[in-house]
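Visitor: Output the structure for:
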Amino acid sequence: MSIRWGIAGPGRIAATVAAEFALVPDAELVAVGSRSADRAAAFAGRYGIDQAYGSYDALFAADVDAIYLATPHGQHTALALAAIEAGKALLIEKSFTTSVVDTAAIIEAARARGVFVMEAMWTRFLPAVVHLRELVSSGGLGDVRAVYGDLLAFREFDPDDRLFNPALGGGAVFDLGVYVISFAQQFLGTPDQVFAVGDLLPNGVEGDAGILLGYPGGRYANQSIGFRAPGPGRQVVAGTRGWVEVKPRFHRGEELVVQLNGAERQELHFPKTGAGYHYEIAHVDQCLNAGLTESPVMPLADTMSVQQTMADVLAALGR
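Guide: Numbering: from 1, shown residues only. I've put the predicted structure just below:
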């Protein structure tokens, strides 16, 4: 069955994702909503969308099956709860929210209403990462002992930009940390210990951070994030039988280096089509057509785990 989609929040990420719907055979992008009727109409015209609404409530009342929530992090909670109340399935852009309390409220509402909700952690659905996850789950790497890497992206400090504006969920943790923490979480689970060091920018949001996560049995994840220096953006998953590198930049990765004990090194290529966001859209469609209310790949428990870890990192940084 074809799934009818709407987009809430016609911003930069929504523009990228909107173009991806053409790559999903059973998805139709039919509506867009904004607080500005003019912005909604302009976005609809640009992407051939039939319905444009000047309020989010009007979008949630429209004849759509699913909503891609693409507003800034700080606006997610109220909009998600309204969409759930309207019975709409949700794909919520990361970071899911800006607090553990808000994340819990959305999860509780979704489960009580029986509505599908998933965090838009698109990296988990890329072919290269799917292959890595299958290798780990099959025991090919043995016992995973460590996940380490970085996501560093230099940006000039601008307190009015979404990346740095605390009212919009700005800061390195919500924009970059969510990627590295979620990447580690899918292989190691929820950490027992969270350590972080870093620096706060003049308006109080974190500019960068070094994160150390501890797990039972001495396993660990070591991650670097930040806007104050550039970096390669790679990840390594190391196990007792070998290691795999997701080559830069890992969050949109297409190449793996696989080194198993006693074997020749392999370089594997998984070219993605489009920008790569259509894989998560197709996954949501599959879940909805199967009658699921949570994703088996990005379940709500994983989202809560990542949100709690981000909260712990922020506390360690003094936020």
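
Visitor: roughly how far apart are the nearest residue to Gln51 once chain neighbours are set aside and Ala52?
Guide: Among residues not flanking Gln51 along the chain, Ala31 sits closest, at 4.0 Å (CB to CB, 6 or more residues apart in numbering). For glycine as for every other residue, the C-beta is placed from the backbone atoms N, C-alpha and C. According to CB to CB, to the nearest Å, Ala31 and Ala52 sit 7 Å apart.

Visitor: Neighbour count: the two, which is higher?
Guide: Ala31 (24 against 21; other CB atoms under 10 Å).

Visitor: A strand includes the more buried one, no?
Guide: Yes: under DSSP: H, G, I helix; E, B strand; the rest coil, Ala31 sits within a strand.

Visitor: wait, doesn't it sit right on Phe43?
Guide: No: counting by CB atoms under 8 Å, Phe43 is not a contact partner of Ala31; they are 10.5 Å apart.

Visitor: who touches both of those two?
Guide: Residues touching both Ala31 and Phe43 (CB atoms under 8 Å, 6 or more residues apart in numbering): Ile7, Ile49, Ala52.

Visitor: ok, so of the residues you listed, who is nearest Ala290?
Guide: Closest approach between the shared contacts of Ala31 and Phe43 and Ala290, by CB to CB: Ile7, at 23.2 Å.

Visitor: doesn't Ser34 make contact with that closest one?
Guide: No: contact between Ile7 and Ser34 fails when scored by CB under 8 Å: they sit 9.0 Å apart.

Visitor: quick one: Asn227 from His283, how far?
Guide: Wrong residue type there; residue 227 is Phe, not Asn. From Phe227 over to His283 the distance is 30 Å, taken as CB to CB.

Visitor: Which of the two has more residues huddled nearby?
Guide: Taking other CB under 10 Å, Phe227 and His283 do not tie; Phe227 has more neighbours (23 against 20).

Visitor: Can you read off the backbone torsions of the more buried one?
Guide: Torsion angles at Phe227 (phi, psi; degrees, to the nearest 10) stand at phi -100, psi 0.

Visitor: contacting residues for the closest residue to it other than its chain neighbours?
Guide: Leaving aside its sequence neighbours, Phe227 sits nearest to Arg155 (CB to CB, 6+ apart; 4.3 Å). Arg155 sits next to Asp161, Leu163, Phe164, Phe227 when contact means CB under 8 Å, 6+ apart.
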